[in-house]
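> Attaching a predicted model along with its sequence, questions to come.
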Amino acid sequence: MKVMETDLPGVLIIEPRVFEDERGWFMESYSYRVFKELGIDAVFVQDNHSYSKRKGTLRGIHFQNNPVAQAKLVRCTRGKILDVAVDLRKGSPTYKKWIMVELSEENKRMLFIPKGFGHAFLTLTDDVEVQYKVDQYYSKEHDRSIRWNDPDIGIDWPIEEPILSEKDRNAPFLKDSDCNFVYGGDEQ
């Protein structure tokens, strides 16, 4: 596997080795041993799988507050997305900064997002499937969202009117949220 650092320390783009021949292809999408050798020591406990029918669907910015913050390993297994990670750790040198990476069934890239970051994605095609591993179980009590177009974060989305869930449409701005991540805190 090839690992590429991003402008957000700890957020990594991962390119798996893909073996192709006349039959198709094979890849190892996850190995605890390999990921640990790459410096990713998360122990994933839950796999999530989402399906979006239409291009222009935006999900996020999502996270879970401490003490059950989640690290995520995200990949797009059908279609194409713009995947976004946002640093939500107060006091971090990259606080409120974000990165955007294209993930697709063609490029097979994955994005590792550590604890303390928000996650969102925009579908670039119809019929999109996104699968991601998390290192903490879902907790409704700790589940949070930040408004997708929060001006303090300023994500440069290539869309003005995305398809949103009611939850995401009504999400608070970061300044009004109870996000409890602190740089150097438990989420690191």
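Happy to help now that I have it. The model shown is predicted, which means the values in this text are computed figures rather than measured ones. Numbering: from 1, shown residues only.

> helix or strand right after the lengthiest helix in the chain?
The longest helix of the chain (DSSP state H) is helix 32-37. Per DSSP states H and E, helix 32-37 leads on to strand 46-52 as the next helix or strand towards the C-terminus.

> In contact with the residue of the chain positioned farthest from its centre: list those residues for me.
Relative to the mean C-alpha coordinate of the chain, counting by Cα atoms, centre = their mean, the farthest residue is E22 (32.9 Å). By Cβ atoms under 8 Å, 6 or more residues apart in numbering, the contact set of E22 is empty. (C-beta placed from N, C-alpha, C; glycine too.)

> ok, F19 to W25 distance?
When Cβ to Cβ, to the nearest Å is applied, the distance between F19 and W25 equals 6 Å.

> got any ranges where the protein has weak pLDDT?
In the predicted model, the chain carries pLDDT under 70 at residues 185-188.

> circling back to that earlier point, and for the longest helix of the chain, what are the contacting residues?
In contact with helix 32-37 (Cβ under 8 Å, 6+ apart) are residues M1, E28, D41, A42, V43.

> in the sheet, who's paired with the residue nearest the centre of the chain?
By Cα atoms, centre = their mean, the mean C-alpha position of the chain lies nearest to H119, the distance being 4.1 Å. Counting by DSSP bridges, H119 is bridged to H62, A85.

> can you check K90 too?
Once the bridges are assigned, which here means DSSP bridges, K90 pairs with V182.

> what's near enough to touch it?
Taking Cβ under 8 Å, 6+ apart, we find K90 in contact with F181, V182, Y183.

> Excluding chain neighbours, what is closest to K97?
Leaving out its chain neighbours, the residue that sits closest to K97 by Cβ to Cβ, 6 or more residues apart in numbering is D87, at 5.3 Å.

> just checking, that neighbour touches P114?
No - D87 is not in contact with P114 according to Cβ atoms under 8 Å; the separation is 9.6 Å.
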